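>>> structure here, sequence nowhere to be found:
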Ligand SMILES: [Zn+2]
């Protein structure tokens with residue numbers, strides 16, 4: 001029995017226990033807005049393992065957002081030829097605001113995936129569920 005690689009499960013947003021069932025319904029950037037499934041459709045692992053569990057994903061998403069905003073700030077600095085004065089303030093504000101807005105569906109998804117895969121000691125990978 002071949003194990004599903006963990007990195008594949010993380011990128012594809014699969015269940016941390018079986019790495020087969022989808023954590024989300026809908027698309028990250030699509031007309032079907034993404035929602036977190038109540039439980040895995042493959043192995044029945046509950047995703048929100050206790051009430052308010054996804055509040056913890058907020059801290060993950062905060063860290064992701066900070067990294068993204070700092071990167072966008074540096075990218076703006078280098079792409080604008082090192083402009084950093086009062087007149088370029090709105091350029092930075094605009095780029096960082098729009099960038100954060102565009103990346104928010106990605107942060108929503110991957111903050112929960114990271115929480116479930118790396119920061120949830122109660123949920124472990126079980127190879128016996130990793131089969132069709
Ligand atoms: Zn599962």
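Nice, thanks for sending it over. It should be emphasised that the depicted structure is a prediction, and the values quoted were computed from it without experimental measurement. Residues are numbered from 1 along each chain as shown.
>>> list the contacts for residue 124?
Residue 124 makes contacts with 16-17, as judged by C-beta atoms under 8 Å, 6 or more residues apart in numbering. (Glycine included, C-beta is placed from N, CA and C.)
>>> let's see that with 7 Å instead.
For residue 124, the contacting residues are residue 17, taking C-beta atoms under 7 Å, 6 or more residues apart in numbering as the criterion.
>>> kindly provide the distance from the residue most central in space within the chain to the ion.
With distances taken as C-alpha atoms, centre = their mean, the residue of the chain nearest its centroid is residue 110 (1.0 Å). The span separating residue 110 from the ion equals 18 Å under the rule C-beta to the ion, to the nearest Å.
>>> same thing with residue 103?
Computed with C-beta to the ion, the distance linking residue 103 and the ion is 27 Å.
>>> for this structure, what spans make up the strands?
Counting by DSSP state E, the chain forms strands over residues 24-25, 35-36, given from the N-terminal end onward.
>>> how many other residues sit next to residue 21?
Applying other C-beta atoms under 10 Å, we find 20 residues neighbouring residue 21.
>>> coming back round to it: how about the strands of the chain in a markdown table, adding distance to the ion?
Formatted as a markdown table, the entries for the strands of the chain read as follows, by distance: least, C-beta to the ion, whole Å:
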| stretch | distance to the ion |
| --- | --- |
| strand 24-25 | 13 |
| strand 35-36 | 13 |
